[in-house]
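**Student:** Here is my input, please return the structure:
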Amino acid sequence: MTSPSFDAPAGRIIGWRDGRVIRATGIRYARATRFQPPTPEPASTTSIQATEWAPACAQADHPFGMGLMKSSVRTLASTEDCLRLSITLPDSIAPGDRRPVMVWIHGGSYVFGAGDAAIYDARALVEEQNVIVVSVTYRLGLLGFLGGAGGRAANVGLLDIIEALRWVQANIAAFGGDADNVTLFGQSAGGDAIAHLMIADGAQDLFRRAIIQSAPLGISLGRRKMSEAMMKIAAQVAHDASADDVIAAQASVVTASQGFGWPASMPFGTQYGHHPLPPEEHVDSAWSRCASRFDVLIGWTAEEGSFFIPLMEPLKNLATVPVLGSAVRRLVVSTITRKVYATAADRFAKRHAQAGGRAYTYKIHWGSKTNQLGATHAIDLPLLFGDEQIWQDADLIAGLEWPEVHASAQKVRALWALFAKTGGLEAAVIEPALVSYRKA
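**Tutor:** Coordinates of the predicted model:
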């Protein structure tokens, strides 16, 4: 069978068939010098072989992904030269089609993960909802989200994503996608990045809708002094050090974040007052000014904080103490959920609506009743991506039978796709016990 090919401004792109979907994977959208903004990839005069998964950004193993989600990027190549994207589209695409486009921005505290990690496989979403999904891989950690001194640019990981979105705008029509109907969706740090892309110079015209999932917006402010302390340590890493040495140095850079309160729970991140973001004191007005440009769906899970309990040694032990342990655990879970996620998301939606934008908030209540995690942080991932083989050993959904997971996932994928297609949820039908939502 002939391999699918797409004649795009970027060049002729050769993809591959994968069951009922077509893939075009590992497409380079930009290049970058270390610690510097990316430059767009020029059009190719030869065919682009888009038949290998995009490599992961160079990164250290992280307990979040390696543990609860059994997510590993070890099956992917890993490199500092990681600016690639992958496209999954229905095999029913026909010439002249203009399908809605959903661009996935992966999470991982800005230090781990990859667009083509198996837990983000968009096959089911594409097959069921007839959308096109683009997955973006961008620079992380010390390579992507710390700068502003010593000749090192800040926010380069965010600038990577902007270049990926420019590539999508220029090329997605060749794949049957509608460049005027692009929705960004991302979880955790990915959702945080999307919220900031709404106010980033040069990004406002690159997408129309935003689905912001469990973004830690409650710890996005008051980070300047912490970042400066981290940069003092980071400055000791030579510009020409090996990628392995840069990643090894990241741990010592993180130690400089201690003592700065809640923001230290995610040391790397966006930096206000550095291109392409406004100063911190102007971010509220910036979000208000852009409100009419975007439809927003923003939300959280009912028990975000339970995801982090297994990573807190004192709490792991305390949780075994009768009565007291359970009460303390509930308090910690509730505090993290409210402080880091829920309050800020609700405020974000209200501000957006008051400024003339259309906004909805949601809350996911679904999760296992037997593994203590419940409706935890990242529980939306198996509701959007992957299959039984990918998720079968994940602690995240331990105690749930796959038919139940699949049935719930189909409903959530339909809800997300409805928003991506229309910008509204008025026609949605979903059980409140699974996901509740309201217009802001």
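
**Student:** Let me see the ranges of the strands in the stretch 1-150 of the chain.
**Tutor:** 5-8, 11-14, 16-18, 21-28, 30-32, 38-40, 48-49, 56-57, 78-79, 84-90, 99-105, 132-136 (DSSP state E, counting those that start in this stretch).

**Student:** Tell me which of the ones you listed sits nearest to A170.
**Tutor:** Counting by C-beta to C-beta, A170 lies closest to strand 5-8 out of the strands of the stretch 1-150 of the chain; the figure is 7.8 Å. C-betas here are computed from N, CA, C, even on glycine.

**Student:** pLDDT weak spots in the stretch 301-440 of the chain?
**Tutor:** Filtered on pLDDT under 70, the stretch 301-440 of the chain yields the residue ranges 313-323.

**Student:** could the strands of the stretch 1-150 of the chain go into JSON lines alongside mean pLDDT, distance to R289 and mean neighbour count?
**Tutor:** Output for these, formatted as JSON lines (pLDDT from 0 to 100; distance: least, C-beta to C-beta, whole Å; neighbours: other C-beta atoms under 10 Å):
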{"stretch": "strand 5-8", "mean pLDDT": "97", "distance to R289": "33", "mean neighbour count": "17"}
{"stretch": "strand 11-14", "mean pLDDT": "98", "distance to R289": "37", "mean neighbour count": "18"}
{"stretch": "strand 16-18", "mean pLDDT": "97", "distance to R289": "42", "mean neighbour count": "14"}
{"stretch": "strand 21-28", "mean pLDDT": "98", "distance to R289": "33", "mean neighbour count": "22"}
{"stretch": "strand 30-32", "mean pLDDT": "98", "distance to R289": "28", "mean neighbour count": "19"}
{"stretch": "strand 38-40", "mean pLDDT": "98", "distance to R289": "26", "mean neighbour count": "16"}
{"stretch": "strand 48-49", "mean pLDDT": "98", "distance to R289": "38", "mean neighbour count": "18"}
{"stretch": "strand 56-57", "mean pLDDT": "94", "distance to R289": "32", "mean neighbour count": "28"}
{"stretch": "strand 78-79", "mean pLDDT": "92", "distance to R289": "38", "mean neighbour count": "14"}
{"stretch": "strand 84-90", "mean pLDDT": "98", "distance to R289": "29", "mean neighbour count": "26"}
{"stretch": "strand 99-105", "mean pLDDT": "98", "distance to R289": "22", "mean neighbour count": "26"}
{"stretch": "strand 132-136", "mean pLDDT": "98", "distance to R289": "25", "mean neighbour count": "28"}
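
**Student:** Save those as TSV, and put in distance to Y341 too.
**Tutor:** TSV is the format used below for those (distance: least, C-beta to C-beta, whole Å):
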stretch	distance to Y341
strand 5-8	38
strand 11-14	38
strand 16-18	34
strand 21-28	32
strand 30-32	31
strand 38-40	30
strand 48-49	39
strand 56-57	25
strand 78-79	30
strand 84-90	27
strand 99-105	17
strand 132-136	23
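
**Student:** Which one of these lies nearest to V328?
**Tutor:** Closest among the strands of the stretch 1-150 of the chain, using C-beta to C-beta: strand 99-105, at 34.3 Å.

**Student:** If anything else comes up later, I'll come back, but that's it for now.
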